[in-house]
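*Asks:* okay, structure incoming, though there's no sequence with it:
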């Protein structure tokens, strides 16, 4: 029996998972052996300003990896999960996966010319960016189903590769995969150097993120949990087995879907979790529900100059993309989660900026 | 949005995933460093008789780990998947998870006395084993839903622990977790010593197998793919976040569900796959569909004296539990899969037998 083909409507949030290009950024990794041997003499987090956020990370790693510490955690249980959009890379002004899902539309319309006069394809084909901005959630759902499913997983990977090698963002004019936050890359490396297994837990499409996660973040595909649809096993005309992507949702990896997805895909309670929006709220809550020391952190985008500023927490501009409301901020403060101020805690944002 | 609550009937196969007790068998691991340094002088597979099956394993590992060999595979792509029931441990006369799902029935009936007069609970409560053997698939579905869902994942784990510490099988009078095949334990260790990541891909319940996989097979929970239901995130009466197991199927990890589940949970093509029945057929087919050297093996239970004999391939007795039909045998022979004869290829079956 196949995963049940129940008619599932795709939730709005699942449409906005940011994804990216595959021009690979080789992030300079920290010298692992040096770190392990002399942690106190090497700054594993050079792109972080000294402060409560940096200190919380260092203290947590020291406590959980020191056998004489009551908060020591055996290596196999050192699981850390990271949201992607807005936590590991840029999500504004719009999630990269939305850009990706629109790009193949001309090809889809060429294959099915009758779509040219049907919305939302008509508007997308017009190239009118302002009109495109008015497309509804339902329009985007149609688009996503038309452009990102109905193909074999091998074809999907080939298409993703082609797109990511060519696409660049509008502000920095760089491949999307270079718009990753250098301070968070340092956290990933620092945790791994200390025996942690790092996972991405993203509202983004699991297949897409897996495609570049190893090269961009050093996180192998099997350690990416994302919004996932079902696939269908069959045989092509030559009898060769194939897997085809279907427009049926198995896991919406946002909000409550994050702890649910982590249970499904990992099956262990993580001890550290990083996010930046309401979509990560339940993941951090459930991380905190376990016994023992926990690290729960949220990135606050409060740096309009170097990146973007949005909340609406703390009076920052409101947004529908990566919303960080005041009640999430208050919950963080009340429950001992750490809010990372991009403006104050990060010396630099991107790896392509001059090192501090 | 939660994983969609579609009304899913549980397939018969998902009822029979064998599971087990947690009295831990510390399988003597091979000395990894010795193996890595001098593979030719150490027999990594001492419980295997010399023959085509053993040679195929050794040749495959040598070819894929030798950088000068055209079939070399980088470590991160060395993924091997193993069915559990009948491949790693005993599945006859009945899958252990069925036994497990029946055991809590008295407690369920105590909590809901009205069930005592309703089938299948009435029959199970009678203790009449012959009558129980006549229960239908639908009866078993009811049982499984009543006994293994509707509780938090923490409660499920506690129940599983309690059961597995007490339960013993009828033939060998040992904890189920000792009924694991020593030759396959050696294959797991041998592959891991050579940089492979070993996965269980089982029709059995994912949560249950994960509970003992690390201690029994050296396979961590996050490397167990199994038949999986959804969970629901909520808060208990004290506001503490909880995950509750729901009677809704997300993945039936049998037949075509195995390659589909592997795509969902791992996202890489494995290069070695081991099974023993029709439920593994598509997993082995899809393993073979990739480029490069592959190892595909099936265990044939042809040893009535030391374990069990069933097929119906090769004239062995027919069975509904772990069926190995003649057409699967023929496909294996035609497509270069290796059939392991339990009788001829294995020097001993269990770790508790005297070493050869």
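*Replies:* Structure's in. What do you need? In this text, all values refer to a predicted model and were calculated from it rather than measured experimentally. Residues are numbered from 1 along each chain as shown, chains lettered A, B, ... in the order given.
*Asks:* mind listing the helices for chain A?
*Replies:* A:32-37, A:52-65, A:96-102, A:105-111, A:121-126, A:129-132, A:137-148, A:153-166, A:182-193, A:206-217, A:257-265, A:281-288, A:326-335, A:342-345 (DSSP state H).
*Asks:* where does the stretch 201-350 of chain A have low pLDDT?
*Replies:* Within the stretch 201-350 of chain A, not a single segment meets pLDDT under 70.
*Asks:* for chain B, see how far away the closest residue to residue A:79 other than its chain neighbours is.
*Replies:* In space, and not counting its chain neighbours, residue A:79 is closest to residue A:270: 4.1 Å by CB to CB, 6 or more residues apart in numbering or on different chains. Backbone N, C-alpha and C define where each C-beta goes, glycine included. Distance of residue A:270 to chain B, given as CB to the nearest CB, to the nearest Å: 11 Å.
*Asks:* now do residue A:229
*Replies:* In terms of CB to the nearest CB, residue A:229 sits 9 Å off from chain B.
*Asks:* picking that back up, so the residue nearest to residue A:79 versus residue A:138, what's the distance?
*Replies:* Using CB to CB, to the nearest Å, residue A:270 is found at 34 Å from residue A:138.
*Asks:* these two: which is more packed in?
*Replies:* For the pair residue A:270 and residue A:138, the greater number of neighbours falls to residue A:270 (26 against 14), based on other CB atoms under 10 Å in any protein chain shown.
*Asks:* for that one, give me its contacts.
*Replies:* Contacts for residue A:270 (CB atoms under 8 Å, 6 or more residues apart in numbering or on different chains) come out as A:79, A:80, A:81, A:199, A:262, A:287.
*Asks:* now the residue nearest to residue A:79. Its backbone dihedrals?
*Replies:* Residue A:270 adopts backbone torsions of phi -80, psi 160, taken as degrees, to the nearest 10.
*Asks:* one step back: need the helices of chain A in CSV (columns: distance to residue B:308).
*Replies:* CSV is the format used below for these (distance: least, CB to CB, whole Å):
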stretch, distance to residue B:308
helix A:32-37, 49
helix A:52-65, 46
helix A:96-102, 50
helix A:105-111, 54
helix A:121-126, 59
helix A:129-132, 63
helix A:137-148, 47
helix A:153-166, 37
helix A:182-193, 45
helix A:206-217, 39
helix A:257-265, 33
helix A:281-288, 43
helix A:326-335, 54
helix A:342-345, 62
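*Asks:* pick the most deeply packed of these.
*Replies:* Most buried of the helices of chain A, by mean neighbour count (mean count of other CB atoms under 10 Å in any protein chain shown): helix A:257-265, with a mean of 26.
*Asks:* and stretch A:60-75, how far apart are its ends?
*Replies:* Criterion CA to CA, to the nearest Å; first-to-last residue distance in stretch A:60-75 is 14 Å.
*Asks:* show me the contact partners of stretch A:86-94.
*Replies:* Residues contacting stretch A:86-94 (CB under 8 Å, 6+ apart): A:16, A:18, A:20, A:82, A:85, A:169, A:176-177, A:179-181, A:184-185, A:200, A:217, A:274-277, A:280, A:299, A:301, A:307-308, A:310, A:319, A:321-322.
*Asks:* and that stretch, which residues are buried?
*Replies:* A:86, A:87, A:88, A:89, A:90, A:91, A:92, A:94 (16 or more other CB atoms under 10 Å in any protein chain shown).
*Asks:* can you redo the residues you listed as a markdown table with distance to residue A:230 and pLDDT?
*Replies:* As requested, these are exported to a markdown table (distance: CB to CB, whole Å; pLDDT from 0 to 100):
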| residue | distance to residue A:230 | pLDDT |
| --- | --- | --- |
| A:86 | 27 | 97 |
| A:87 | 27 | 98 |
| A:88 | 26 | 98 |
| A:89 | 27 | 97 |
| A:90 | 30 | 95 |
| A:91 | 26 | 93 |
| A:92 | 31 | 90 |
| A:94 | 27 | 79 |
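*Asks:* no further questions, thank you.
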